[in-house]
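Enquirer: Structure here, sequence nowhere to be found:
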């Protein structure tokens, strides 16, 4: 097909060459060249539909990941407003509590433990915190403090 679009006429196949190529595509069966072209276009269309379906599924998975991340980073009402394309007005609160946590002896604990043990400890500890605050009408905001190691 690409050869038929060549700029130079001598590089383009003749009708006999095109007909012979179609015969090889049809495995020697006698068929109309238009029928062969239509069959090829149908196959191309089917392949394209499969590709579009596959890419749409991939896009949906990525969209779900993005929405999950958005709801983890922002309060649910803010995340919903943003997903709908609305602007979000700042809110004020009369009563706010900030909780900062630090694990006393963490450096020593982590030095004496395997990496997976440290991960399990942190996961268990913060899962417990999440369970406690989950029973209250609160929004948890995560802030990580990075220390420079000297």
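Expert: Okay, I see it. Keep in mind that what you see is a predicted model, and the values were worked out from it rather than measured.
Enquirer: Can you tell me how far residue 61 is from residue 39?
Expert: From residue 61 across to residue 39, the span is 34 Å (Cβ to Cβ, to the nearest Å). (Each C-beta comes from the backbone N, C-alpha and C, glycine too.)
Enquirer: Quick check on these two: which one has the bigger neighbour count.
Expert: residue 39 (14 against 10; other Cβ atoms under 10 Å).
Enquirer: need the helices for the chain, in chain order.
Expert: Assigned by DSSP state H, the chain shows helices spanning 15-25, 33-73, 76-83, 106-111, 115-134.
Enquirer: and the ones you listed, which is most packed in?
Expert: Most buried of the helices of the chain by mean neighbour count (mean count of other Cβ atoms under 10 Å) is helix 76-83; its value is a mean of 14.
Enquirer: can you tell which of the helices of the chain is closest to residue 90?
Expert: Shortest distance between residue 90 and those, using Cβ to Cβ, is found for helix 76-83: 10.1 Å.
Enquirer: how far is the closest one from where the chain is centred?
Expert: Distance of helix 76-83 from the chain centroid (Cα atoms, centre = their mean, to the nearest Å) equals 19 Å.
Enquirer: who's in contact with that helix?
Expert: 67, 70, 71, 73, 74, 87, 88 (Cβ atoms under 8 Å, 6 or more residues apart in numbering).
Enquirer: how much does it deviate in direction from helix 33-73?
Expert: 150 degrees (axes from the mean of the first three to the mean of the last three Cα atoms, to 10 degrees).
Enquirer: Could you give the average pLDDT over helix 76-83?
Expert: For helix 76-83, the mean per-residue pLDDT is 85.
Enquirer: before we move on, what about stretch 122-135?
Expert: 87.
Enquirer: Tell me the predicted confidence for the spatially most central residue of the chain.
Expert: Centroid-nearest residue in the chain: residue 62, 2.3 Å away (criterion: Cα atoms, centre = their mean). pLDDT, residue 62: 95.
Enquirer: Residue 69 versus that one, what's the distance?
Expert: 11 Å.
Enquirer: ok, now residue 88?
Expert: For residue 88 relative to residue 69 (Cβ to Cβ), the value is 17 Å.
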